[in-house]
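Asks: Quick check, what structure comes out for this input:
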Amino acid sequence: GLQLDPLVLKGRVRDPQGSAGIGAAVKIGDRTATTDEQGAFELPAAIPGMVEVSRIAYLATEAEWDGSPDRFEVTLEPFIVKGVRVYSPVAGSESEFNALLDMIDGTVINTLVFDTKEEGGSVLYESQVPEAQDAVISGYDVEAVLAAAEERGLYTITRIVTFQDNYWGPANPDHAAKNTTTGGVWTNNRGLAWLAPTDRDAWESPLALAIEACHLGFDEIQFDYVRFPSDGDVSVLGYDIAVDAQVRAETIA
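Replies: Residues are numbered from 1 along each chain as shown. This is a model prediction of the structure:
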């Protein structure tokens, strides 16, 4: 009798500093694996060929494996964002947006940052999120700008102002930061309301916008204003629970 032992692809994924590439996806043929906490992976019965490795925030890479039993080492280079902010009026103007794309063409710029929800709480495209309908203004055609960015190979980030919100907060006072003197919704020195960071229900609207942004095709979500309010009369600022330094840190984490 003869025993046939399968080829086993064993290896490790690291970053340029030698740290473990945890959670990287490794693929060869129809075989796939995910690296562990040491960045290690193992693929039994693998057919020699091209190994594809990818990991969030890193550049995907390929390397040839010849079937050797030696440990297969892969180094992933980090993806470095070099971007420009695209304000809503520019994104909403075909001529200005195209001029911006032409200006950055051939430069080191590889990323565009768009606003989903801005500082006042306005949502800048035709969102289908039910909680956002009162805040929607037609700033730009999100499908069109994403298609144009993809055509030029640009990475796309959308910015979602999170807890400062002058639409959802006043419409949902039970989930907003409270004025302990008046009993109403607290506003900062610009007259803007804030969602209560300690209220988990207040998280759902920005999260719903983020999920929609993922489905639309944005590569990354940037949550902004993920903090407690500070720019106003905080002496009359209250929440649904008592807040101290520890609660603040735990809530934001």
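Asks: CA atoms for contacts and neighbours, from now on please.
Replies: Fine.
Asks: so what pLDDT did the residue most central in space within the chain get?
Replies: The centre of the chain sits closest to I221, judged by Cα atoms, centre = their mean, with a distance of 2.5 Å. Per-residue confidence for I221 comes out at a pLDDT of 96.
Asks: ditto for E73
Replies: 96.
Asks: Can you check my assumption that it lies in a helix?
Replies: No - under DSSP: H, G, I helix; E, B strand; the rest coil, E73 sits outside any helix and is assigned strand.
Asks: Could you tell me which residues within the helix or strand harbouring E204 count as buried?
Replies: In this assignment (DSSP states H and E), E204 forms part of helix 204-216. Residues S205, P206, A208, L209, A210, A213 are the ones in helix 204-216 that count as buried (16 or more other Cα atoms under 10 Å).
Asks: now stretch 245-253, how far from the chain's geometric center?
Replies: With Cα atoms, centre = their mean, to the nearest Å as the basis, stretch 245-253 stands 21 Å off its chain's centre.
Asks: picking up where we left off before, identify all contacting residues around the helix holding E204.
Replies: Applying Cα atoms under 8 Å, 6 or more residues apart in numbering, the external contacts of helix 204-216 come out as 116, 127, 129, 131-132, 142-143, 158, 160-162, 220-221.
Asks: coming back round to it: among the buried residues of helix 204-216, which pair sits farthest apart?
Replies: For these, the farthest-apart pair by Cα to Cα is S205 and A213; their separation is 12.5 Å.
Asks: Throw the buried residues of helix 204-216 into TSV and include pLDDT and distance to P173, thanks.
Replies: Formatted as TSV, the buried residues of helix 204-216 follow (pLDDT from 0 to 100; distance: Cα to Cα, whole Å):
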residue	pLDDT	distance to P173
S205	94	14
P206	96	16
A208	97	19
L209	97	20
A210	98	22
A213	97	26
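Asks: just to revisit the earlier point, work out for me the element the residue nearest to the centre of the chain sits within.
Replies: Per DSSP H and E: strand 220-224 holds I221.
Asks: how far off helix 204-216 does that strand point, in degrees?
Replies: On the basis of axes from the mean of the first three to the mean of the last three Cα atoms, to 10 degrees, strand 220-224 is oriented at 160 degrees to helix 204-216.
Asks: Could I have the CA atoms of strand 220-224 written out in CSV?
Replies: The C-alpha coordinates for strand 220-224 follow below in CSV (Å, rounded to 0.1, in the frame of the first residue of the first chain):
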residue,chain,number,x,y,z
GLU,A,220,-14.8,53.5,4.9
ILE,A,221,-16.9,55.2,7.5
GLN,A,222,-15.6,58.1,9.6
PHE,A,223,-17.7,58.8,12.6
ASP,A,224,-17.1,62.4,13.8
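Asks: Need the contact partners of it.
Replies: T156, I157, T158, R159, I160, V161, T162, A210, A213, C214.
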